[in-house]
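In: Dropping the sequence and predicted coords here.
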Amino acid sequence: MRIGELAARTGASVRSLRYYEEQGLLTSTRSAGGQRHFTEADTERVDFIQRLYAAGLSSRTILELMPCRDSPSDETSDAALERMAKERDLLSAHIEDLLNTRDALDGLIVAARTHRDARRTAA
């Protein structure tokens, strides 16, 4: 199938599919006229890629996980599990940073309101 049909069947934009190919996540064959052609299996691959992107993973991380999908084995599964755990840990650290930032902002809001209210009552 051509890229437009793959896009229609997966809900991915043509631009996204080209990006996936550029990143090594998806491959196509080319016609004599240079048009990309994909297989039926590529619809499932694109769905998988989109789920990983929706989980917040980068193209580099997704590329590291693809061997587990393409050639399942104990080795590729262990590597994928290790990589996903690392991503989860990074996400947890980022969430903690965001919570700390929110708490600091809450403190600033309280201080600003207190200052504003003190000026109003003094006036």
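Out: That came through fine.
In: From now on I want contacts and neighbour counts done on CA atoms only, so please keep to that.
Out: OK.
In: what helices or strands is the helix ranked longest in the chain leaning on?
Out: Using DSSP state H, we find that the single longest helix of the chain is helix 74-122. Judged by 3 or more CA pairs under 8 Å, 6 or more residues apart in numbering; DSSP states H and E, helix 74-122 is in contact with helix 59-70.
In: And the helix it packs on, what's buried?
Out: Neighbour counts over helix 59-70 (16 or more other CA atoms under 10 Å) mark 59, 61, 62, 63, 64, 65, 66, 67, 68 as buried.
In: Same question for stretch 41-48.
Out: Those would be 42, 43, 45, 46, for stretch 41-48 by 16+ other CA under 10 Å.
In: coming back round to it: could you work out the most separated pair of the buried residues of helix 59-70?
Out: Greatest spacing in the buried residues of helix 59-70, by CA to CA: 59 and 68 (15.1 Å).
In: Same list (the buried residues of stretch 41-48) but as TSV, adding distance to residue 55 and pLDDT.
Out: What follows is the buried residues of stretch 41-48, written out as TSV (distance: CA to CA, whole Å; pLDDT from 0 to 100):
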residue	distance to residue 55	pLDDT
42	20	97
43	19	97
45	15	97
46	14	98
